[in-house]
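coords please:
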Amino acid sequence: MIVLGFLGDRGHGNRRMLRLKPHKNDVDPVSVGIDIHADGIALALRRKGKPSTIKCEFIPVRNQSEIPQALKAAVDKHRLKKQHATVLMPSNLYNLLQTSSPALRPEELRAAARWKINELLPYPVENAVVDVFEYPKAGQRGTERMLYVVAANRADVQREVDWLQQSDLTLKSIDIGEFALRNVVSLLPENESGTIVLSLTEHQGLLVFVKQDEVYLARRLEFGYNDLLLGEQNIRGDLVLELQRSMDFFESQFAQPMPPRLLVYPPDKLTSELTQHIYTELNIQVEPLILERLAGYKLDLDAESQSRCLLAVGAALREEEEAAV
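Next up, the predicted model:
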């Protein structure tokens, strides 16, 4: 049995359909967020206090075999033994699917979701760890209820569990990037009116619509900041097209005002040319996502951390402990 907690909510976010009682100490003195990249580990440490702080660092590795040793060294360096950690599943190792919600009791939905996504997975559904989460109720058009379904290969999940155990960390939960972004936005002023977040790596992107702690829409992009910085018009056109499609879908699915701005991360990859191009095509305000703007926290991060640690910070901000099987 693998114990994990996909996508835990922070009080008012997308509600898990299958929930277990949280631990009494649901806010740890030190909360660890981990985002594993192909070339290293993004580590974020959230410490509650006066002031509350978030420290980030990026730990390079040459290959996957170095991850346990590098993580253990970081645990020893920061004296994190037995501290609770949330680790993110890499985006290529899970599926986030949208499906209609059958008229079933909450405890029956996961089994139903397994059946519905059976033919959509690249591996036998018997090998999948599956969880289900409600679509936001606020302003949803139509009468058909919708669900997010998250599925990951059990072997991939177990590998991340093993890495944490080998490093002497205590597994708090396994999360995904879409909801790590939600945790970050929940501490920004834009959370109330809603915002669109574009998070970019070198060759991939993640587009998420967030309002009042709810994820309304998430899309993955098959290009990143390196592709956009090359200045190729077709790539910029692809980005505008994905944004336009996402905005159209949002308007068709939810009786909600369109979020008034797009926040882009990393901030140093947002060029004036890209800002102007998006604004001209879509008439939406474009701004960099600056981690130092998080309400209630003092951040300690260098330039490398600023560009690599967004999702790790979101993982460290996860408050509530839950478990799913």
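
hey, let's count contacts and neighbours off CA atoms from now on
Noted.

could you measure the most centrally placed residue in the chain against residue 150, distance?
The chain has residue 177 as the residue nearest its centroid, 1.9 Å off, counting by C-alpha atoms, centre = their mean. Distance, residue 177 to residue 150, by C-alpha to C-alpha, to the nearest Å: 12 Å.

just to revisit the earlier point, ok, the residue nearest to the centre of the chain - contacts?
For residue 177, the contact set (C-alpha atoms under 8 Å, 6 or more residues apart in numbering) comprises 88, 89, 90, 91, 311.

in strands, which of those fall?
Among these, the residues falling in strands (DSSP state E) are residue 88.

of the contacts of residue 177 - the most surrounded one?
Counting neighbours by other C-alpha atoms under 10 Å, residue 311 leads the contacts of residue 177 with 28 neighbours.

wait, that residue touches residue 181, no?
Yes: with contact defined as C-alpha atoms under 8 Å, residue 311 counts as touching residue 181 (6.3 Å).

which residue is the nearest non-sequential neighbour of residue 295?
Once flanking residues are discounted, residue 295 sits nearest to residue 187: 5.2 Å by C-alpha to C-alpha, 6 or more residues apart in numbering.

for that neighbour, the count of nearby residues, please.
19.

apart from its chain neighbours, what residue comes closest to residue 306?
Residue 306's closest residue in space is residue 266 (C-alpha to C-alpha, 6+ apart), at 7.1 Å.

residues contacting the one you found?
Counted by C-alpha under 8 Å, 6+ apart, residue 266 has contacts 199, 200, 288, 289, 306, 307, 308.

and it, how far from residue 206?
Counting by C-alpha to C-alpha, the gap from residue 266 to residue 206 is 12 Å.

overlap of the contact sets of the two?
Contacts common to residue 266 and residue 206, judged by C-alpha under 8 Å, 6+ apart, are 199, 200.

what comes up buried for stretch 213-231?
Buried residues in stretch 213-231, defined by neighbour count with 16 or more other C-alpha atoms under 10 Å: 213-218, 220-221, 223-225, 227-229.

between those residues, which is closest to residue 82?
residue 213 (29.1 Å; C-alpha to C-alpha).

I'd say the closest one and residue 191 touch.
Yes: Residue 213 is within contact range of residue 191, at 6.8 Å (criterion: C-alpha under 8 Å).

pull the number of nearby residues for the nearest residue to residue 185 once chain neighbours are set aside.
Excluding the flanking residues, the one nearest residue 185 by C-alpha to C-alpha, 6+ apart is residue 191, at 5.7 Å. Other residues within reach of residue 191, judged by other C-alpha under 10 Å, total 20.

residue 198 too?
Residue 198 is flanked by 22 other residues according to other C-alpha under 10 Å.
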